[in-house]
Each structure stands twice: as structure tokens, then as C-alpha cells.
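Student: predicted coordinates and the sequence they were generated for:
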Amino acid sequence: MILLLRIAATHVRNRMRQTVVSTLGVALGVGFSVAMAGLMEGSQRDFMSTLIEAIPHVEIQDEQRAPALQPASERFDAVAFHGLRPKEDLRGIRNPTEALASLRDWVNGSMAQRLSGQAVLRYSGQDIGLTLTGVVPRYELEVSKIEDDMRQGSLKDLEVTSNGLVLGRKAAQRLGADIGDTVTLTSANGVAKRFKIVGLFHTGITASDEGFAYAPLKAVQILLEKPDIINSISIRLSNIGEANDVASRAERQLGYKAVSWEEANEGLMEAFFVRNIIMYTVVGAILVVAGFGIFNIVSTIVHEKAKDIAILKSLGFPERDIQQIFVLEGLVIGVLGAIAGSVLGFGLSSYLATVKFELTTDVEVTSLPIYFSTLHYVIACFLALFSSAIAGLIPARKAARLNPVDIIRGAT
């Protein structure tokens, strides 16, 4: 094997220009593949991390997963009814204290109750519509990261101000309001109540900064005329892997629809899966293109070294050894390209990780989320070596089948 490797290395060195070009092609393929994989997986992990931090692991909603059976159908199950107006139940999770107590007996995590509804906020003759959410601050802080987005004041201020309001900074700017100002909120039923702004938050998401507000749960229940009623329970688990099991058990126990974060973002997870398939397909295509360069140089060597092949076969080298020589030539180029490409990929990834830029939706400076993984290098190098071996195998099989007698006769 050492002799065959020496012969292969000699052939490659004799065509240094073509070898460098082919090696560079493999190196560029591996390098850009590693950098692209790191960028795409880094952005995916960063997005998922942000998503998991921003939303509850499990959310219990004030609805049933299947439509409730109507009273007439319960009593006359063998009769078909048409044109009857269905019974409409008042939405909301009733007896929230009992529901929360029953969940705390077995759920390993934190939970918080909420009541959300639409309201119109008025200040200085201007109106904006928003979603008002009533919370219990000490519980909400355990399941939500809203405190990290506070720019003025704190969510804890709602505990000491019964009519306090935490508002998005963009919404406040649209109204010309600031900390300490008193605004009026009007519910869909026409009930109006005055609130005092005690905090401003900024998430960088326009829809949230302009369309959401937080207030004490009791004050929102009075405004929406829903005493002792909530419409969601948010749960943040100690082990996020239990989300689906907790959601299923909570739904069976309470009778309300419970949605895990995975179910809520099922479409997004499928999109990421498809994107990963596309990414590795593109990586494979890049390296296949690089393999054509290896195929070209090995084919040229086979053509030029036909006489040497005849001499080797006349000296007793079997076809298998002749074939291995030219496969090794392809692998030598592939190995050199994989090594150079890994260094290039690491350099590109490190550079991209230091690039700073400003988002138009926020004033904060951020950087590209690059994920460094050994698996990216292993996959890229494996594909490079595989394509190199295949590119070298095709002309190698041709070389092994050459008849030394015909070659020598043609040379004389």
C-alpha cells in the first residue's frame, strides 16, 4: 500500500497546477459548506432559544379541543336536528384558584394565570387598540421574560399600583405618553377605567411594542366584567422535554385545551427540517461540482501515464493495484482539499461571528449567530472524500482494464 501511495503522490506532484486547482475547488466547497452550515444552524438555534424564552412551555386555553356536545344531542342522541341555534357558553377558565392548586400538586415548574382581552387606550385625544393582559406580577415573572425587556419601571410596580399599566414604548410614543401619565382604557362592552403608566417595555417586535399592555389581574377582570375568570394558564417547566406529556395530562385533568410549545410551533419545526434538507443538498451539490475537477485531473493522468500503466502490469501489478493507485490520487486531492477547507471554514465562521450590525427594529447592536460544531466538519469532509473517491474510481477502472500489449504496440 505504501508503494501504491508513493506512485499516486508522484503522479499528483507531476501535475502541480491542475492539482492545486482541484484542491482549491474542494477546499472552497468544504469551507463555504462549513460556514453556511454554521450560520444556518446558529440562526436556527438562536431563533428557537429566543422562541422558547418568549413563550410558555405549555399554555392552557379557555376552550375545548373538540366542540362541546349540545344539550338537545345529549338528550335525544338518536334524532338528527337541523337549524337549532347552538348553546353558547361564556368563555373563560372558571375557579382558577382550584385549577392552579390541582396543577401545582404534580407539575414540576412555574405557572401564572392571565386574562386577556381587547381594549381601546385613549390619551390626549388619541386612541389605539391593543390587547390588554391581566397578570399577577410575582407569578408572571416566573414564566415570562418581559422584565428583561423593560426600559423604564418594572412589572413588579403593578403589585403596588392597583391601576398600574405597563405599556409598549412605541405605543407610548405614538400617544405622547410617559411614565406617570394617566390614560383611559375602554373594553369592548363600553366599560371605561383609568390606569396609570408605571412601566415601558421594548421587545424590538413592532406588533408587541404597539399592541400589548399589562395590568393587574383584578383590574382587568373588573374592566372586562369577568370576575374570578381567566382565559389562560401559562406554564414554564423545569424540564422542557416534558411539555407534551404535561399538556396531555393537564388537558385530561381540567377539560380545557392545553398546547405545548412544540404543538404551537409544529409548522415552524417542519419548515426548519425542510430547510436543513435543502442546506445539505446544496452542500452535496457544491462538493459534487468540485469532484468533476478531480475526475478531470485523474482522467488526464490515466491518459498520459498509459505507458507507465503497461509497464506496471507487465511487472506483475494486478488490476486491483492499478485501480487503487488512481483512486488514491483522487483521495490525496480530496484529503488536501478537506484539510484546507476545514481551516477556511473555521476562519470564515470566526470572521462572521465578529461582524456587528444594527437591526432596523431596534437600537441594539447584534452579531450573526454562528454555531461551531464538529459534526459540520465531519459531514463536509466525508462528502468531499466520498466525491473524490468516486471521481477517481471512474478513470481508475478504465486504467485497470488497459491491455499492456496494445499500449506497448501503439507506442512502438
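Tutor: It's in. These numbers were taken from a predicted model, which means no experiment stands behind them.
Student: give the contact list for V283.
Tutor: With contact taken as Cβ atoms under 8 Å, 6 or more residues apart in numbering, V283 is in contact with S33, M36, A37, I379, A380, L383. The C-beta positions use only the backbone N, C-alpha and C, and glycine is treated the same way.
Student: swap in I93?
Tutor: Going by Cβ under 8 Å, 6+ apart, I93 touches I60, D62, A99, Q113, I229, I230, N231, S232, I233, L254, Y256.
Student: in what helix or strand does the third one lie?
Tutor: According to DSSP states H and E, A99 maps onto helix 96-104.
Student: that helix packs against which elements?
Tutor: Packing contacts for helix 96-104, counted by 3 or more Cβ pairs under 8 Å, 6 or more residues apart in numbering; DSSP states H and E, involve strand 109-123, strand 232-237, helix 243-254.
Student: buried deepest among those, which one?
Tutor: Highest mean neighbour count among the helices and strands packed on helix 96-104 (mean count of other Cβ atoms under 10 Å): strand 232-237, with a mean of 22.
Student: now tell me what touches that one from outside.
Tutor: By Cβ under 8 Å, 6+ apart, the surrounding residues in contact with strand 232-237 are 56-62, 93, 96, 99-100, 103, 107-116, 142-144, 243, 246, 250.
Student: what's the answer for stretch 104-111, then?
Tutor: 57, 100, 103, 139, 142-143, 233-239, 242, 246, 249-250.
Student: find the nearest non-adjacent residue to I60, please.
Tutor: Spatially, and ignoring its direct neighbours in sequence, I60 is nearest to I233 (4.2 Å; Cβ to Cβ, 6 or more residues apart in numbering).
Student: for that neighbour, list each beta-bridge partner.
Tutor: Note on I233: beta-bridge partners by DSSP bridges are I60, Q113.
Student: any chance you could map the helices in the stretch 151-300 of the chain?
Tutor: Under the criterion DSSP state H, counting those that start in this stretch, the stretch 151-300 of the chain contains helices at 157-160, 169-175, 206-211, 217-223, 243-254, 261-264, 266-304.
Student: now the fourth one: buried residues?
Tutor: Along helix 217-223, these residues count as buried under the neighbour rule (16 or more other Cβ atoms under 10 Å): L217, A219, V220, Q221, I222, L223.
Student: and if you look at the longest one?
Tutor: Of all the residues in helix 266-304, those buried under the rule 16+ other Cβ under 10 Å are 272, 279, 283-284, 286-287, 290-291, 293-295, 297-299, 301-302.
Student: average pLDDT for it?
Tutor: Taken as a whole, helix 266-304 has a mean pLDDT of 77.
Student: equivalent analysis for stretch 145-153, please.
Tutor: On average, the pLDDT along stretch 145-153 is 90.
Student: now the end-to-end length of it.
Tutor: The first and last residues of stretch 145-153 sit 15 Å apart, counting by Cα to Cα, to the nearest Å.
Student: and it, how far out from the chain's middle?
Tutor: 25 Å (Cα atoms, centre = their mean, to the nearest Å).
Student: N163 against K196, yeah?
Tutor: Yes: N163 lies in contact with K196 (Cβ atoms under 8 Å); the separation is 5.7 Å.
Student: which ones are touching P227?
Tutor: The contact partners of P227, by Cβ under 8 Å, 6+ apart, come to Q221.
Student: could you do Q61 as well?
Tutor: Contact analysis of Q61 by Cβ under 8 Å, 6+ apart lists N231, S232, Y256, K257, A258, V259.
Student: compute the number of surrounding residues for the residue lying closest to the third one once chain neighbours are set aside.
Tutor: Pointing back at Y256 there. Among residues not flanking Y256 along the chain, I60 sits closest, at 5.3 Å (Cβ to Cβ, 6+ apart). When neighbours are counted by other Cβ atoms under 10 Å, I60 registers 28.
Student: isn't I60 right next to Q253, touching?
Tutor: No: contact between I60 and Q253 fails when scored by Cβ under 8 Å: they sit 9.8 Å apart.
Student: quick check: phi and psi at L4.
Tutor: In terms of degrees, to the nearest 10, the main-chain angles of L4 are phi -60, psi -40.
Student: how much space separates it from V135?
Tutor: 73 Å (Cβ to Cβ, to the nearest Å).
Student: so between these two, which is more surrounded?
Tutor: Applying other Cβ under 10 Å to L4 and V135 shows that V135 carries more neighbours, namely 26 against 19.
Student: in the sheet, who's paired with the more buried one?
Tutor: Going by DSSP bridges, V135 is paired in beta bridges with R114, P216.
Student: my guess is it contacts R114. True?
Tutor: Yes: contact criterion Cβ under 8 Å: V135 and R114 qualify, at 5.8 Å.
Student: quick check: neighbours shared by these two?
Tutor: Taking Cβ under 8 Å, 6+ apart as the contact rule, V135 and R114 both touch L217.
Student: can you list the domains in the chain?
Tutor: As recorded under automatic domain parsing, the domains making up the chain are 2-52+268-411, 92-230.
Student: these: lowest mean pLDDT?
Tutor: Least confident of the domains of the chain, judged by mean pLDDT, is domain 2-52+268-411 with a mean of 78.
Student: off-centre distance for that one?
Tutor: Centroid separation between domain 2-52+268-411 and its chain, computed with Cα atoms, centre = their mean, is 28 Å.
Student: still on that earlier bit, JSON lines for the contacts of I93, including distance to F212?
Tutor: As requested, the contacts of I93 are exported to JSON lines (distance: Cβ to Cβ, whole Å):
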{"residue": "I60", "distance to F212": "20"}
{"residue": "D62", "distance to F212": "19"}
{"residue": "A99", "distance to F212": "24"}
{"residue": "Q113", "distance to F212": "17"}
{"residue": "I229", "distance to F212": "20"}
{"residue": "I230", "distance to F212": "17"}
{"residue": "N231", "distance to F212": "15"}
{"residue": "S232", "distance to F212": "14"}
{"residue": "I233", "distance to F212": "18"}
{"residue": "L254", "distance to F212": "26"}
{"residue": "Y256", "distance to F212": "23"}
